[in-house]
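Novice: sequence and predicted structure below; questions after.
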Amino acid sequence: MLTNILNDINSILAPRVCFGCNAHLYGGEQLLCTICRNDLPLTDYSFNDENPVDRIFYGRINIKKASSMLFFSNRGIVRELIHYLKYRNQEQIGTFLGDWYGQILKDNHELTDTIDMVIPVPLHRKKLKKRGYNQVASFAKRLAFHLKTAYVDHILVKSANTKTQTKKSRIGRWQSDKMLYTVTDIEFIKNKHILLVDDVITTGATMELCARALAKAPGTTLYVASMAVVHKLWN
């Protein structure tokens, strides 16, 4: 009873608002109002059928399957969510999206029956200390929970602290960043099925570098998932 009263008082003093449109949230609404939630641009891509995210990696790295939950554009709800997640200490957004996507993926028996571990794309330790958390972690943890598998964040590490280079070409970025990611224990992931998770796929360069590092372990099978993928890649 006291908890409910305190929650009501807190809602009045600091009302919950939608991350998409800033409207007040009501009832069972969480992070997004019903309208914004319905407006989220879900990709409807699956891990069964070929999709444009798969084609990003063709000829670059041997990935079993790839998919993304949402379309990302320079304006809109998805951009706002990712921005708040990465730069405004709103880790619950990753949990929210991870639970949503996890509910979708858990019906895919190829994933639930074969994935041995979920690994997030890592941050360098200096950036992790500055930000306080890896923005991919909460999303990846919830995917692991729904797929009933292990969440592993100590195997893949970023060995150099670099600035964002999204405006570089894929080839240029590969040349400068090819030693960024390393695996701490090859034996641990040997012959494992791994789901590699990131926040936004743009050119796919980051995923490619991480996948190359993981693929150095014999017998690994790699899957890729992300919160979002840049829509303009195939528009």
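Specialist: Okay, I see it. Numbers count the residues shown, from 1 in each chain.
Novice: need the helices for this protein, in chain order.
Specialist: For the chain, the helices defined by DSSP state H occupy 2-13, 34-39, 52-56, 77-87, 92-105, 109-114, 125-131, 137-147, 170-177, 186-189, 205-214.
Novice: which residues touch L85?
Specialist: E91, I93, G94, Q135, D199 (C-beta atoms under 8 Å, 6 or more residues apart in numbering). Every residue, glycine included, has its C-beta placed from N, CA and C.
Novice: quick revisit: out of the helices of the chain, flag the one nearest M69.
Specialist: helix 92-105 (4.5 Å; C-beta to C-beta).
Novice: most surrounded residue in the contacts of L85?
Specialist: G94 (26 neighbours; other C-beta atoms under 10 Å).
Novice: just checking, that residue touches P120?
Specialist: No - counting by C-beta atoms under 8 Å, G94 stays clear of P120, with 9.8 Å between them.
Novice: same list (the helices of the chain) but as TSV, adding mean pLDDT and distance to S226.
Specialist: Putting the helices of the chain into TSV (pLDDT from 0 to 100; distance: least, C-beta to C-beta, whole Å) gives the following:
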stretch	mean pLDDT	distance to S226
helix 2-13	42	33
helix 34-39	95	19
helix 52-56	95	8
helix 77-87	95	10
helix 92-105	97	10
helix 109-114	92	15
helix 125-131	94	19
helix 137-147	98	9
helix 170-177	51	16
helix 186-189	98	20
helix 205-214	95	8
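Novice: of all those, which lies closest to H154?
Specialist: helix 186-189 (8.9 Å).
Novice: contacting residues around that closest one?
Specialist: With contact meaning C-beta under 8 Å, 6+ apart, helix 186-189 is reached by M117, V152, I155, V183, L214, K216, A217, T220.
Novice: what about 6 Å?
Specialist: Helix 186-189 is contacted by residues I155, A217, T220 when judged by C-beta atoms under 6 Å, 6 or more residues apart in numbering.
Novice: how many neighbours does K148 have?
Specialist: For K148, the neighbour count with other C-beta under 10 Å is 11.
Novice: return the residues in contact with it.
Specialist: So K148 contacts nothing (C-beta under 6 Å, 6+ apart).
Novice: state the distance from it to I119.
Specialist: Distance of K148 to I119, given as C-beta to C-beta, to the nearest Å: 16 Å.
Novice: let me see the domain layout of this protein.
Specialist: 1-39, 40-233 (automatic domain parsing).
Novice: so which of the ones you listed is the most packed in?
Specialist: Highest mean neighbour count of the domains of the chain: domain 40-233, a mean of 18 (counted as mean count of other C-beta atoms under 10 Å).
Novice: quick one: that one to chain centroid distance?
Specialist: 5 Å (C-alpha atoms, centre = their mean, to the nearest Å).
Novice: distance of I56 from S73?
Specialist: Look at I56 and S73: by C-beta to C-beta, they are 16 Å apart.
Novice: many thanks, I have nothing further to ask.
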